[in-house]
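K.L.:
for reference, the sequence and a predicted model appear below.
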Amino acid sequence: MTLTRPIAVLGGNVLHLLAAIGRVVIFAGQTVSHLFRPPYYHREFLQALVQIGWLSLPVVGLTALFTGGALALQIYAGGARFSAEAVVPSIVAIGMVRELGPVLGGLMVAARVASSIAAELGTMKVTEQIDALVTLSTNPMKYLTLPRVLAATLAVPVLVAVGDAIGIFGGYIVGVTRLDFNAAAYLKNTVDFLEFWDIASGLFKGAAFGFLVALMGCYYGMNSGRGAQGVGRATKAAVVSASVLILAANYLLTEVFFSA
């Protein structure tokens, strides 16, 4: 009995994890299925687009600006060991659009949006507003979940594109003012070494990350426990899950896009 207990505990945890993954997959399938069935709530979608996209722009922009500047300093310091300081513009641009722009943008949106959605929907559940929607013959998945997931899927790639541009600009400022790069040569190296697929892959990642962020916020909000503690746990779980899924999805998408 003593020897089998750790195995039983491990098996129970694995089954619990698989069950949780199954519930999330079913929730995602139900959300996507409503995309093809009317009615559509355009006002809810536009409000979510503003909340997720426009209001997230300052934090994403500031994050990208300082990341681009710090990246330029780090690459210059590392490249100086091998007399390869000239690679700073190209590596900053590629690093921002392929990895840092999508990942950091997704994580910033997860911190801001997943928590907000989970808290909002969790509070609606605690105060029985979701039950009221059902009483009024309004599908909560279509009215609450679909607009937020669709808005995040469309808005985050735009945020990533803006963040990429700001991050490259941050590297440009540091390169020209601190590292004595020629402004025209810095821009030329950036443009020459940056390919279309580098940018497109980052935008695809942004769409996937936006979907995951909103999905986790809606899932934990709709399944929130009762009371303030239940809403707090749902908010925390939404942010943690969204962040972990972003990092995992980033590796998988990088493997698909750039594997040899």
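P.N.:
Looks like it came in fine.

K.L.:
ok, the most centrally placed residue in the chain - contacts?
P.N.:
Nearest residue to the geometric centre of the chain (CA atoms, centre = their mean): Gly106, 2.6 Å. When contacts are counted by CB atoms under 8 Å, 6 or more residues apart in numbering, Gly106 touches 156, 160, 205-206, 209-210, 212-213, 246, 250. The way it works is simple: take the backbone N, C-alpha and C, and place the C-beta from them, glycine included.

K.L.:
okay, strands next: where are they in this protein?
P.N.:
Here the chain has no strands by DSSP state E.

K.L.:
can I see the domain layout of it?
P.N.:
The chain breaks down by automatic domain parsing into domains covering 1-33, 42-258.

K.L.:
skipping adjacent residues, who's closest to Glu85 in space?
P.N.:
Setting aside the residues directly before and after it, Glu85 is nearest to Gly79 in space (CB to CB, 6 or more residues apart in numbering), at 4.8 Å.

K.L.:
and Gly170, how far is that from Val160?
P.N.:
15 Å (CB to CB, to the nearest Å).

K.L.:
of the two, who's got more company?
P.N.:
Neighbour totals were compared for Gly170 and Val160, and Val160 leads with 30 against 23 (other CB atoms under 10 Å).

K.L.:
burial count for Ala238?
P.N.:
Counted with other CB under 10 Å, the neighbours of Ala238 add up to 30.

K.L.:
hang on, isn't it packed against Ala114?
P.N.:
Yes. Under the criterion of CB atoms under 8 Å, Ala238 makes contact with Ala114 at 4.4 Å.

K.L.:
identify the contacts common to these two.
P.N.:
Joint contacts of Ala238 and Ala114 (CB under 8 Å, 6+ apart) are 216-217.

K.L.:
wait, what's in contact with Leu121?
P.N.:
With CB under 8 Å, 6+ apart, Leu121 has these contacts: 130, 144, 217-218, 221-222, 224.

K.L.:
next one: Pro102 relative to Ser259, how far apart?
P.N.:
For Pro102, the distance to Ser259 (CB to CB) stands at 17 Å.

K.L.:
settle it for me: which of those two has more neighbours?
P.N.:
Remark: of Pro102 and Ser259, Pro102 carries more neighbours, 33 against 6, as counted by other CB under 10 Å.

K.L.:
nearest residue to that one in space, please, no chain neighbours.
P.N.:
Nearest in space to Pro102, with sequence neighbours left out and distances taken as CB to CB, 6+ apart, is Lys205 at 3.9 Å.

K.L.:
now do the contacts for that neighbour.
P.N.:
Neighbouring residues of Lys205 by CB under 8 Å, 6+ apart: 102-103, 106, 160, 249-250, 253.

K.L.:
which two in these are spaced the farthest apart?
P.N.:
Longest distance between any two of the contacts of Lys205 is 13.6 Å, between Val160 and Ala249; criterion CB to CB.

K.L.:
picking that back up, wait, which of the contacts of Lys205 is closest to Leu46?
P.N.:
Among the contacts of Lys205, Val160 lies closest to Leu46 (CB to CB), at 20.7 Å.

K.L.:
correct me, but the closest one touches Leu104?
P.N.:
No. With contact defined as CB under 8 Å, Val160 and Leu104 do not form a contacting pair (9.4 Å).

K.L.:
what is the neighbour count of Leu71?
P.N.:
As a burial measure, Leu71 scores 22 neighbours (other CB under 10 Å).

K.L.:
swap that for Leu57, sorry
P.N.:
Neighbours around Leu57, by other CB under 10 Å: 15.

K.L.:
the stretch 101-250 of the chain: helices as residue ranges?
P.N.:
Listed in chain order, the helices found in the stretch 101-250 of the chain under DSSP state H, counting those that start in this stretch are 101-109, 115-126, 129-135, 140, 146-177, 183-193, 196-222, 227-258.

K.L.:
for the second one, what is the distance to the chain centroid?
P.N.:
The one in question is helix 115-126. Chain-centre distance of helix 115-126: 19 Å, with CA atoms, centre = their mean, to the nearest Å.
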